[in-house]
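Visitor: Build the 3D model from these lines:
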Amino acid sequence: MEKCAGIRADSCAGDGAGSGFSRPGQGRDEMGTRADAGPARVRRVCGRIARVLAGSMASVFLLMIFSRLPAAAQQASDCLTCHGSSVGLRNSQGKDISVNASTHMKGPHSSLSCVTCHAGAAAQSHTSKSASASCITCHADEAKALSGGVHAALGKPTDSETCIACHGTSNAAKAVAGPQFCGTCHAKETAQYSASVHGSARAHGNADVPTCTNCHGSTHAAVAAADLSSPVNKQHLPDTCGSCHSNSSLAAKYMFAEVRPVEAYRASVHGRAIERGNLHAASCGDCHGSHDILPVNNPHSKIWKQNVATTCGQCHTGVAQTYLQSIHGQAVGKGVLQAATCTDCHSEHRILAPGDPGSPVYMANISQEACSRCHADAALMADFNMPQDRVPTYEDSYHGLAAHEGRQTVANCASCHGVHNIYPSRDPRSTVNRANLSKTCGQCHADAGRRFAIGPVHGMATTTPGGKLLGFVKLFYLVVIPVTLGLMFVHNAIDWRRKARASLAHYRKAPGQARLNRSERIQHALLVVSFIVLVITGFALKFPHAFWAVPFVDMEHGHPVRGWLHRIAGVVLIGASVYHMVYVSLKKSGRNWVKDMIPDLRDAKEAIQTVEYNLGRRDGPPKYRRFNYAEKAEYWALVWGTAVMAVTGVLLWLNDWILAHLPHPASILAISTAIHFYEAILATLAILIWHFYAVIFDPDVYPVKWTFLTGRAPEHEVREGVEDKPADKRPGSGADTAPAAGDD
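Guide: Here you go, the predicted structure:
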């Protein structure tokens, strides 16, 4: 049994009172033993005995008081008698077993007494072995986690010395979190992290930045990256990075350039390969780095424009070498950052296989989505003094038109110029060099021969004889087409005018039943004009690129003409509606109108009979009243639609007032916009399909039903309860001078 070295054994085995050390001379009989003691000495001895008794009683009294103090304070005082930092106590191996009380009280174990950990020290006689402490007494879970982790290599998880290697002792506590802690062993990785975008942000006080444990997991349970359970294993790395980079709150806070890169990566050819278990596919760390992640604008970053090809070349070695020799690779290498690199054509996180129809480099997409991003940019082409007509001339060619239709066997940009091996046309290696054109074109046109090297590909230069002739041909047709079509239009317009006037004159002279009086025809005219203007100006806002909307949109740059016309037409429509309500309320003919428009069961019967007649199951159509079932349905649909459009239109017009005064203004405006838009679609299509058939495309009335001008129905259209009106017999009359019944 080893004793505390350097002190008397009995000093460690004392009763716990006092210092535990023997002072020199202690133990002598200080009362003396001389034989010649006299009365005076007897009195002195008696006095001393009395003082000793009084001191003993005081000691007992103080012991009773201090026995009520916390045991931890009493025992710590006892332990520090030997283990205080000023004593410098060491065991038989020479290890310092003293305690710095001030350091200990600042540590995590300050609330514990000495014997909580050193239970053996409670005995009056103990050794360094019997009083030793074990961390697993309290931290068994951490020890268990450590036993399965990569840090088990530091020592036995059950040995406290393993814990001390990282956490230190009460005399010299170590950092237990962050790169500073891990840097004890992982100095290289810590230095890389400190210089990275994460480390720099952390140094500036950003608390959202991930540290070692955010990526690797708990220190005790951390496993090697190759372990499939590791958060930084390739299979789990997207989830680990996504905890920050797919966090919408952090994306909004720090304005990430891409809000959901992890979701895009999972849909990529790389992400799908990783999910299938192919750990050779690229994951986040392969492209961005691990501890040394730098901002994209840092020239040392793996994803800096000039480094992207090298980064991709870690896997795609041959492709990268070919690209670096191409015109694009050479330009990027010389600092021309507008030139294309891997991610410009293939995209960044959502890289799809070339055979995927969603890929920008899919054969049907490459010309429109990949190459045109640069080569259709007029400003970019002008900066580099390059032709600006390459994409338009391709799109106008047979190849371009066929590709636009989705044909996959037609030549695209890459078919002729190559993919990664694109060189200037003057370079002998170029597939579009004059010497190589027959071979290039011969991939599709087996009998091409060398004649393909004669003519231009994208277009013909205007300085050549052929180019001049081509220009003349274009000019000829640019003149002939509008002149020819214009003469045709004028001829037919004159013919239509004569025939329309004759038809209208005949219509007016022919007998027919009165259907609409003058007031009703005026209401119809207001409705027609306002509705057409509302449709055109309204849908011009929703579809500004449509050919019929372009004039209105162009005018919007100077004056809001479209908006003015739309609101004026809306006011006219609402005015016409008010006019109609007054008319049906105050005029007898108006009240008769409403009465005749009320649907009943006979309308349903007539609808069934009409369908049966049209299918050949009935000999003749039913006898209709003044307004049949189709006209009643259209009228009440018009009433409903006008009310809905008027209310929602006014709400959208008063958007500023709504935002200032009504609760939930955003919801009100959004719902009003949706109703206004969808109701407009329904109304427009209903007019085109239902109303236009009845008044234009119905063979019985084609080319037009003139009732909206004359007020009379066609001769063949006979209704019950409607009086026939004779035609106006006055010679030279071209107008409807005999008013219909009830004309106001």
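Visitor: In terms of secondary structure, what does the helix or strand containing Ala674 contact?
Guide: Secondary structure from DSSP states H and E places Ala674 in helix 665-686. In this structure, helix 665-686 packs against helix 518-542, helix 629-653, helix 655-661, with contacts taken as 3 or more C-beta pairs under 8 Å, 6 or more residues apart in numbering; DSSP states H and E. Bear in mind the C-beta positions are built from the backbone N, C-alpha and C, glycine included.
Visitor: weakest of those by average pLDDT?
Guide: Mean pLDDT across the helices and strands packed on helix 665-686 is lowest at helix 655-661; the value there is a mean of 90.
Visitor: about what we covered before: what comes into contact with the helix holding Ala674?
Guide: By C-beta atoms under 8 Å, 6 or more residues apart in numbering, the surrounding residues in contact with helix 665-686 are 531, 534-535, 538-539, 542, 634, 637, 641, 644-645, 648-649, 651-652, 655, 658-659, 662.
Visitor: Buried among those residues? Make that a PyMOL selection.
Guide: The buried residues among these can be selected in PyMOL (16 or more other C-beta atoms under 10 Å) with this line:
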select buried, resi 531+534+535+538+539+634+637+641+644+645+648+649+651+652+658
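Visitor: still on that earlier bit, can you give me how far the helix holding Ala674 is from the chain middle?
Guide: Remark: helix 665-686 is offset 27 Å from the chain centroid, using C-alpha atoms, centre = their mean, to the nearest Å.
Visitor: my read: Pro360 touches Cys345, true?
Guide: Yes - contact status for Pro360 versus Cys345: in contact at 6.3 Å, counting by C-beta atoms under 8 Å.
Visitor: one step back: could you export the helices and strands packed on helix 665-686 to JSON lines, including columns for distance to Ile303?
Guide: JSON lines is the format used below for the helices and strands packed on helix 665-686 (distance: least, C-beta to C-beta, whole Å):
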{"stretch": "helix 518-542", "distance to Ile303": "40"}
{"stretch": "helix 629-653", "distance to Ile303": "46"}
{"stretch": "helix 655-661", "distance to Ile303": "43"}
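Visitor: Report how many residues lie close to Arg591.
Guide: 13 (other C-beta atoms under 10 Å).
Visitor: Which pLDDT does the model give Lys144?
Guide: 88.
Visitor: How about the contacts made by it?
Guide: Pro157.
Visitor: Okay, and it sits in which element?
Guide: Going by DSSP H and E, Lys144 is in helix 140-147.
Visitor: Show me which residues of that helix are buried.
Guide: Buried residues in helix 140-147 (16+ other C-beta under 10 Å): Glu142, Ala143, Ala145, Leu146.
Visitor: now do stretch 585-598
Guide: By neighbour count on 16+ other C-beta under 10 Å, the buried set for stretch 585-598 is Lys587, Ser589, Gly590, Trp593, Asp596.
Visitor: go on, stretch 360-377?
Guide: Residues of stretch 360-377 classed as buried by neighbour count (16+ other C-beta under 10 Å): 360-368, 370-372, 374-376.
Visitor: Filter those down to the ones in helices?
Guide: Counting by DSSP state H, the buried residues of stretch 360-377 place Ser372, Cys374, His375 in helices.
Visitor: I figured the second one was touching Gln338, is that so?
Guide: Meaning Cys374. Yes - look at Cys374 against Gln338 with C-beta under 8 Å: they come within range, at 7.5 Å.
Visitor: Identify the contacts common to these two.
Guide: Common contact partners of Cys374 and Gln338 (C-beta under 8 Å, 6+ apart): Leu380.
Visitor: if I pick Leu659, what's in contact with it?
Guide: So Leu659 contacts Pro665, Leu669 (C-beta under 8 Å, 6+ apart).
Visitor: again, only this time at 10 Å
Guide: Neighbour list for Leu659: Pro665, Ala666, Ile668, Leu669 [criterion: C-beta atoms under 10 Å, 6 or more residues apart in numbering].
Visitor: Any chance of a ChimeraX selection covering the buried ones in those?
Guide: Restricted to buried positions by 16+ other C-beta under 10 Å, the ChimeraX selection for those reads:
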select :668,669
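Visitor: Quick check: the two most widely separated of the contacts of Leu659?
Guide: Ala666 and Ile668 (7.3 Å; C-beta to C-beta).
Visitor: Tell me which stretches of this protein form strands.
Guide: 512-513, 724-725 (DSSP state E).
Visitor: least reliable of the ones you listed going by mean pLDDT?
Guide: The bottom spot among the strands of the chain, by mean pLDDT, belongs to strand 724-725, with a mean of 50.
Visitor: which residues touch stretch 577-589?
Guide: 517, 519-520, 522-524, 526-527, 530, 590-595, 597, 638-639, 642-643, 646, 740-744.
Visitor: Show me just the buried residues among these.
Guide: Among those, the ones that count as buried by 16+ other C-beta under 10 Å are 517, 519-520, 523-524, 526-527, 530, 590, 593, 638, 642, 740, 742-743.
Visitor: tell me the mean pLDDT for stretch 672-689?
Guide: 94.
Visitor: Which positions in it come out as buried?
Guide: So for stretch 672-689, counting by 16+ other C-beta under 10 Å, buried means Ser672, Ile675, His676, Glu679, Ala680, Ala683, Thr684, Ala686, Ile687.
Visitor: any idea how far Leu688 is from the nearest residue to the last one once chain neighbours are set aside?
Guide: Computed as C-beta to C-beta, 6 or more residues apart in numbering, the closest residue to Ile687 that is not its neighbour in sequence is Phe531, at 7.3 Å. Using C-beta to C-beta, to the nearest Å, we find Phe531 at a distance of 12 Å from Leu688.
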